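>>> Here is my input, please return the structure:
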Amino acid sequence: MSRKLKETGGAALLLVLCVGALFVSLSAAMVYAAGQLTASANRLYWEQDAYRQARSFGECMEQELCASGDTALKSFVNNTFLRGLSYAENTAYPFAQTGEPSPGFAPLTVTLSKEILLATGDNRGAISFETTDAALQWAKSYAAVPVNDCAVTVQVTAQGEEAACTYTQIYLRTGIFPLVFLVDGTEYQAGADGKLYRRGVTNPGTRPWEELLNQELTYYFDTNMGSELKFEREGGPEDEDKTAGQ
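Predicted coordinates:
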């Protein structure tokens, strides 16, 4: 009887020890899971904070770039970034924030890249006309048509202490560019009236369309001399790209 009680007591003690070990393991797992959830929540918070700052600055840049009038950013992109030989096509150029950011704000980096959609030397076409009216109508319509000549990608990265996030938008530049015809090695620009005016002279004379009917004419848009230039976000106001990372 005594031996049986001892065996029963030993089994009970073993069971208590096993259950205790199980509770210890379970408690450790719960502490670890809670720590993981806290870390995940903290990471999500910092990522959202970085995204908010990147998007806020990106939207400010959009207002400057897409403004109807001239702005410092718009002037830099049009006259320096797109036309400057020091900025190659399809190459990312980062512009980091100088100085220390204000308390509570992450350092920002703006990265620009460009893609030429319509280059002056690469957009040549050929056409012929049977009547003067057809030539005038075609030249008048295309001399004033807006054309997309390039795309600019703007990336704003907010680099926080715990997380970083990049806000990306693509903007298409639209403008009205001179419609130029090559006739016997001489350049003629189509005017708003559809007539051909010789380029590069003080008093440009016109070339009668009657002399150019039923022959193949080479034409192109001179994207170096655009007017009414403006930028619009590609894909509409709701299109955006967000990239988060450490």
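>>> can I assume Leu172 sits in a strand?
Yes: with DSSP: H, G, I helix; E, B strand; the rest coil as the criterion, Leu172 is part of a strand.
>>> thought it was touching Ala151?
Yes: with contact defined as C-beta atoms under 8 Å, Leu172 reaches Ala151; the gap is 5.4 Å. (C-beta placed from N, C-alpha, C; glycine too.)
>>> what sits in contact with each of the two?
Leu117, Glu234 (C-beta atoms under 8 Å, 6 or more residues apart in numbering).
>>> got a list of what Gln215 touches?
Contacts of Gln215 by C-beta under 8 Å, 6+ apart are Ser128.
>>> So that it lines up with my notes, have the first residue be 35 from now on.
Happy to do that; since the first residue is 35 now, the last one works out to Gln249.
>>> quick one, phi/psi of the residue nearest to Arg117 when sequence neighbours are not counted?
Of all residues not flanking Arg117 in the chain, Asn258 sits nearest, at 7.7 Å (C-beta to C-beta, 6 or more residues apart in numbering). For Asn258, the backbone dihedrals (degrees, to the nearest 10) come out as phi -80, psi -10.
>>> Could you pull out the strands in this structure for me?
127-130, 142-150, 159-161, 181-193, 198-210, 213-217, 220-224, 230-232, 240-241, 251-255, 261-267, 275-279 (DSSP state E).
>>> so which of the ones you listed gets nearest Tyr85?
strand 198-210 (4.1 Å; C-beta to C-beta).
>>> Which strands border that closest one, and is each parallel or antiparallel?
strand 181-193 (antiparallel), strand 261-267 (antiparallel), strand 275-279 (antiparallel) (DSSP bridges).
>>> Rounded mean pLDDT for the first one, please.
In this case it means strand 181-193. Averaged over strand 181-193, pLDDT sits at 93.
>>> what's the angle from that strand to strand 142-150?
160 degrees (axes from the mean of the first three to the mean of the last three C-alpha atoms, to 10 degrees).
>>> what inclination does strand 181-193 have with respect to strand 251-255?
Going by the same axes, to 10 degrees, strand 181-193 makes 30 degrees with strand 251-255.
>>> can you give me how far strand 181-193 is from the chain middle?
Centre-to-centre, strand 181-193 and its host chain are 3 Å apart (C-alpha atoms, centre = their mean, to the nearest Å).
>>> Could I have the CA atoms of it written out in CSV?
Taking Å, rounded to 0.1, in the frame of the first residue of the first chain, the C-alpha atoms of strand 181-193 are listed here in CSV:
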residue,chain,number,x,y,z
VAL,A,181,2.2,66.5,-78.3
ASN,A,182,3.7,64.5,-75.5
ASP,A,183,7.5,64.8,-76.0
CYS,A,184,8.9,63.4,-72.7
ALA,A,185,8.1,61.8,-69.3
VAL,A,186,9.7,62.8,-66.0
THR,A,187,9.7,60.3,-63.0
VAL,A,188,9.7,62.0,-59.6
GLN,A,189,10.6,59.8,-56.6
VAL,A,190,10.5,61.3,-53.0
THR,A,191,12.1,59.1,-50.3
ALA,A,192,11.7,59.8,-46.6
GLN,A,193,14.5,58.1,-44.7
